[in-house]
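**Q** My questions are about this predicted structure, shown below with the sequence.
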Amino acid sequence: MRSLPDLLSHWPLVRQIRERKDGTGFESMSEKTRTLHARIDNAQVARSICPYCGVGCGQLIYHQHGKLISIEGDPESPISQGNLCPKGAASYQLLTHSRRETKVKYRAPGAKEWTEISLERAMEMVTDRVWESRKRTFVRQQNESTINHTTAICHLGGATLDNEENYLIKKLFTGGLGMVCVSNQARI
């Protein structure tokens, strides 16, 4: 068991007085405080963009051994300079919440219950429906003018798409599929 003078010598206040320090440095820390470290120490970091509104605030995604540790604002982001709105600041909870849906759900026409289907099946269903709608409504010519478009399908992009992705989507959907209505939620 430690003696009283020994205990007092480890007390930060006594150390500050003895060493004539102002109490803003290591002398103000207890032994326990000195051993503490940030949960993001030794973590890998990936830069990303907030998934919510169209502003495109930068985020730092901290992960270690395949596990998400933290999501914080990116101080190097020219848009947000490290600041996040309440929704962006809650991105960690969005990804780690115990009630987050992680399976594709489908409710067939007339059905009362949702069923789980594979992502591959869901993507095939979307592809089939887009292609069928295009074939059924595609207009090649109108009033002796070539127009090659369909107004039956449209695309609304999200905030996580960057300019390059939006450019490719616009090329594919207008030039490749003939879609007339291609927009982005950031514009709305």
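**A** Done, it's in.
**Q** For residue 80, give me its contacts.
**A** 50, 55, 57-58, 73-74, 88 (Cβ atoms under 8 Å, 6 or more residues apart in numbering). Every residue, glycine included, has its C-beta placed from N, CA and C.
**Q** Residue 117 now?
**A** Contact analysis of residue 117 by Cβ under 8 Å, 6+ apart lists 104-106.
**Q** what ranges of the chain fall below the confidence cut-off?
**A** Within the chain, the segments meeting pLDDT under 70 span 9-10, 21, 23-28, 54, 159-160, 186-188.
**Q** Could I get the full set of strands for it?
**A** 44-49, 58-64, 67-73, 104-106, 115-117, 139-142, 145-157, 179-184 (DSSP state E).
**Q** Kindly reformat those strands as CSV containing distance to residue 83.
**A** Shown next, in CSV, are the strands of the chain (distance: least, Cβ to Cβ, whole Å):
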stretch, distance to residue 83
strand 44-49, 14
strand 58-64, 10
strand 67-73, 5
strand 104-106, 34
strand 115-117, 38
strand 139-142, 47
strand 145-157, 24
strand 179-184, 23
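**Q** Those: which one's closest to residue 132?
**A** Among the strands of the chain, strand 145-157 comes nearest to residue 132, with 9.8 Å by Cβ to Cβ.
**Q** Dihedrals phi and psi, the residue lying closest to residue 75 once chain neighbours are set aside?
**A** Nearest non-adjacent residue to residue 75, counting by Cβ to Cβ, 6 or more residues apart in numbering: residue 82, 3.5 Å away. Main-chain dihedrals, residue 82, degrees, to the nearest 10: phi 90, psi -10.
**Q** Start at 653, not 1
**A** Okay, residue one is now 653; in that scheme the one you just asked about reads as residue 734.
**Q** Perfect, I'm done here.
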